[in-house]
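Undergrad: Generate a structure from the sequence data that follows.
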Amino acid sequence: MERKRESIAVIGAGSWGTALAMVLADNNHDVKLWGHNPDQIKEINEHHTNKKYLPDILLPEGIKGIASLEEALFGVNTIILAVPTKAIREVIGNISAIRKEPLTVVHVSKGIEPDTLLRISEMIEEAMPDSLLANVVVLSGPSHAEEVSLRHPTTVTVSSKNMAAADQVQDLFINNNFRVYTNPDIIGVEIGGALKNIIALAAGITDGLGYGDNAKAALITRGLAEIARLGMKMGASPLTFSGLTGIGDLIVTCTSVHSRNWRAGHLLGKGHNLQEVLDNMGMVVEGVRTTKAAKQLAEKYEVNMPIADALYDVLFNNISTKDAVDRLMARGKKDEMEDLTNVLDM
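TA: Model prediction:
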């Protein structure tokens, strides 16, 4: 397909930001990849590698590493925001202090802010002046950076309050390796992407405990019911949770060693405490922070989320992983079809 060549800034040179920069460069866009580590930027420009995050991957020459945020923002109308949830307000604040013209912000992170209980698009809208924010678009779905960087077939979804902006982002990214769908349900897309990390932590715990595929299948299935219950109370469409940003993202995150949330849960299941796990990972584990937000959301919307509750107790109340699983299995009798019908009737 023919496409207009654009200059795009990717803000965040971690694994996901770098992989998405590769997709954009493959589509013949001029890509500025911003990171705050000068040595990393030098490596990107001189060796076309980012070995800390994507070992053994050669980056396209169309990617230019940029250490100056002002330089990264110059001459672009669209930025890809690929930073951890906890850094979004600071980065948006820095961008707002530099930028004079409106931007379309495409966020690719998956999380919910504790206490405020804002989705990432809402955080961006709150942190960035209206005069500088043209549109917010979310890109989400079952997509490991390691596989995207190898140009393995990957399919994702984009969503926005302004679907014309989502269509434009679809055109920026879509190619024969990276298929992009649109979905107007921005609430469901963001909630599915965020909450699947909680279930992935729990799935890693069951694997660490040696419980096998039966337990993992139950967690994925019942976890999806929890996500849908909460998402629909928040205004999401039930159909979204049957799609790429629902069951699709849940499967890939709960079953792959590429998933840092699964790996963190696996270490917890092996008996490591939370701080040891976070020190070992070396990268942000979004599910830990999101678990706090999910518990607060469940209380706010009066939604039953037993898996999220059990994980919260493991992470923050020093309940052993074995005891948490035993408590889930010992819950009172329920009718599955009645439970699922209650989800759909919301």
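Undergrad: What distance do you get for S7 to N37?
TA: From S7 across to N37, the span is 23 Å (CB to CB, to the nearest Å). Heads up, the C-betas are built off the backbone N, CA and C, glycines and all.
Undergrad: now do I98
TA: In terms of CB to CB, I98 sits 19 Å off from N37.
Undergrad: Next: D326.
TA: Counting by CB to CB - D326 and N37 are separated by 44 Å.
Undergrad: got the contact list for the nearest residue to T85 once chain neighbours are set aside?
TA: Distances taken as CB to CB, 6 or more residues apart in numbering place G111 nearest to T85, at 3.4 Å, with adjacent residues excluded. If you count contacts by CB atoms under 8 Å, 6 or more residues apart in numbering, G111 has them with 84-85, 120, 194, 197, 286, 289-290, 293.
Undergrad: now do D167
TA: T182.
Undergrad: Give me the phi and psi angles of it.
TA: Backbone torsions for D167, taken as degrees, to the nearest 10, come to phi -60, psi -40.
Undergrad: next one: K64
TA: The phi/psi pair for K64 (degrees, to the nearest 10) reads phi -110, psi 120.
Undergrad: ok, and the closest non-adjacent residue to it?
TA: Nearest residue to K64 in three dimensions, chain neighbours excluded: K32, at 5.4 Å (CB to CB, 6+ apart).
Undergrad: helices or strands next to the helix or strand hosting the one you found in the packing?
TA: Assessed by DSSP states H and E, K32 sits inside strand 30-34. Packing partners of strand 30-34 (3 or more CB pairs under 8 Å, 6 or more residues apart in numbering; DSSP states H and E): strand 7-11, helix 15-26, strand 63-66, helix 69-73.
Undergrad: Ok, which of these comes nearest E302?
TA: Closest to E302 of those, according to CB to CB: helix 15-26, at 34.0 Å.
Undergrad: Remind me what the closest one packs against, helices and strands.
TA: Secondary-structure packing of helix 15-26 (3+ CB pairs under 8 Å, 6+ apart): strand 7-11, strand 30-34, strand 63-66, strand 78-81, helix 145-149, helix 163-173.
Undergrad: and the first one, which strands flank it?
TA: Same thing as strand 7-11. strand 30-34 (parallel), strand 78-81 (parallel) (DSSP bridges).
Undergrad: can you list these in CSV and add mean neighbour count, distance to R151 and mean pLDDT?
TA: Shown next, in CSV, are the strands paired with strand 7-11 (neighbours: other CB atoms under 10 Å; distance: least, CB to CB, whole Å; pLDDT from 0 to 100):
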stretch, mean neighbour count, distance to R151, mean pLDDT
strand 30-34, 24, 16, 98
strand 78-81, 25, 18, 98
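Undergrad: Can you tell me the SS state at V138?
TA: For V138, the secondary-structure state derived from DSSP: H, G, I helix; E, B strand; the rest coil is strand.
Undergrad: before we move on, the earlier item: for the residue nearest to T85, grab phi and psi.
TA: Dihedral angles (degrees, to the nearest 10) for G111: phi -180, psi 180.
Undergrad: Need the pLDDT of it.
TA: Here the pLDDT value assigned to G111 is 94.
Undergrad: Please report the distance of it from T104.
TA: 21 Å.
Undergrad: and if you look at G62?
TA: G62 sits 20 Å away from T104, going by CB to CB.
Undergrad: what does S96 give?
TA: Distance from S96 to T104, by CB to CB: 14 Å.
Undergrad: likewise A67?
TA: 23 Å.
Undergrad: Skip the chain neighbours and tell me the closest residue to Y181.
TA: T157 (4.9 Å).
Undergrad: What is the three-state secondary structure of that neighbour?
TA: strand.
Undergrad: residue contacts, it?
TA: 139-141, 180-183, 189, 243-245.
Undergrad: If R119 is in a bridge, with which residues?
TA: I112.
Undergrad: residues contacting it?
TA: Per CB under 8 Å, 6+ apart, neighbours of R119: 112, 187, 190-191, 194.
Undergrad: rewinding a little: adding distance to W262, write the strands paired with strand 7-11 out as CSV.
TA: Formatted as CSV, the strands paired with strand 7-11 follow (distance: least, CB to CB, whole Å):
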stretch, distance to W262
strand 30-34, 27
strand 78-81, 24
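Undergrad: closest one to A134 among the ones you listed?
TA: strand 78-81 (8.7 Å).
Undergrad: export the closest one as PDB, just CAs?
TA: Extracted in PDB, the C-alpha atoms of strand 78-81 (Å, rounded to 0.1, in the frame of the first residue of the first chain):
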ATOM      1  CA  THR A  78       2.400  12.400  16.100                       C
ATOM      2  CA  ILE A  79       4.300  10.900  19.000                       C
ATOM      3  CA  ILE A  80       4.300   7.300  20.200                       C
ATOM      4  CA  LEU A  81       4.400   7.400  24.000                       C
END
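Undergrad: Skip ahead from it and say which helix or strand is next.
TA: Using DSSP H and E, the first helix or strand after strand 78-81 is helix 88-98.
Undergrad: host element of V105?
TA: strand 103-107.
Undergrad: Show me how far that strand is from its chain's centre.
TA: 15 Å (CA atoms, centre = their mean, to the nearest Å).
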